[in-house]
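Visitor: sequence first, then the predicted structure:
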Amino acid sequence: GNGLFDNFVCHLKTNVNAALAQGSNNAFTVNFNLEEHNDSSKFSHSNGVITVSAAGWYRIYANMVYDNASASSRNTMRAYVQKNGSEIVSTRTYDYDRGSSYGRFSNNKVETMLYLAANDNVSIGNYAYNEDGSVTIEAQECEFIVNSVTVTTSGTNADTVDGLHASSFIRS
């Protein structure tokens, strides 16, 4: 139903309200387990890990919302892109909250572009960088989108009706 385009999309959501724990040793891959849209000829996914079938440039985007139900406890969350399971440090993003008495929710947006080889995978990792209270992913307010930004050219140097090649018309 979304039409045929040269730009391919895998759009995932989640229904897993996972609790975060402090420290990088408690990092985990966010389980984006609900498929909003998937151009399955270009992407496959499992437990929030998206695998691309073709090499090219890809935009990686995630919206992460966290719920701090503690009255005034302060938390800082880190989220980032993982490529083939390894954190890409330059994609780190942080947010801070001070509990339900002072705002309750916080938000990390992760956005980058990566050149991926065929069969590379990407995912969103996160953990509590500093946690004084408790913090949980607010699943219904999160999403993870990967889309191709490389357009595959299908043109050839075929003859035109008058016998000339397409390359004859290139201006220098």
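Guide: Done, it's in. Numbering: from 1, shown residues only.
Visitor: I figured Y66 hits A79, correct?
Guide: No: if you go by C-beta atoms under 8 Å, Y66 and A79 don't touch, sitting 9.2 Å apart. Every residue, glycine included, has its C-beta placed from N, CA and C.
Visitor: out of the two, which sits in the busier spot?
Guide: The neighbour comparison of Y66 against A79 (other C-beta atoms under 10 Å) goes to A79, with 27 against 23.
Visitor: which residues pair with the more buried one across the strands?
Guide: For A79, the beta-bridge partners under DSSP bridges are T93, N126.
Visitor: ok, now which ones touch it?
Guide: 30, 62, 64, 92-93, 108, 110, 124-126 (C-beta atoms under 8 Å, 6 or more residues apart in numbering).
Visitor: let's see it at 6 Å
Guide: Contact partners of A79, counting by C-beta atoms under 6 Å, 6 or more residues apart in numbering, are 64, 93, 108, 110, 126.
Visitor: how near is it to T91?
Guide: Separation of A79 from T91 (C-beta to C-beta, to the nearest Å): 8 Å.
Visitor: mutual contacts of those two, please.
Guide: Counting by C-beta under 6 Å, 6+ apart, the shared contacts of A79 and T91 are V110.
Visitor: if you count neighbours, what's buried in the helix or strand hosting S106?
Guide: Using DSSP states H and E, S106 sits within strand 105-116. Using 16 or more other C-beta atoms under 10 Å as the test for burial, strand 105-116 gives 106-108, 110, 112, 114, 116.
Visitor: what is the nearest of those to L34?
Guide: The shortest gap between L34 and any of those belongs to V110, at 18.2 Å (C-beta to C-beta).
Visitor: phi and psi next, for the spatially closest residue to that closest one that is not a sequence neighbour.
Guide: Using C-beta to C-beta, 6 or more residues apart in numbering and skipping residues adjacent in sequence, the residue nearest V110 is A62, 4.3 Å away. With angles defined as degrees, to the nearest 10, A62 sits at phi -140, psi 140.
Visitor: A62: what's it in contact with?
Guide: By C-beta under 6 Å, 6+ apart, the contact set of A62 is 110, 124, 144.
Visitor: what sits against the first one?
Guide: Read that as V110. 62, 79, 81, 91, 93.
Visitor: apply 7 Å and report the result again.
Guide: Applying C-beta atoms under 7 Å, 6 or more residues apart in numbering, we find V110 in contact with 61-62, 79-81, 91, 93, 124.
Visitor: farthest-separated two in those residues?
Guide: Across those, no pair lies farther apart than Y61 and Y80, at 12.9 Å, counting by C-beta to C-beta.
Visitor: having no further points to raise, I will conclude here.
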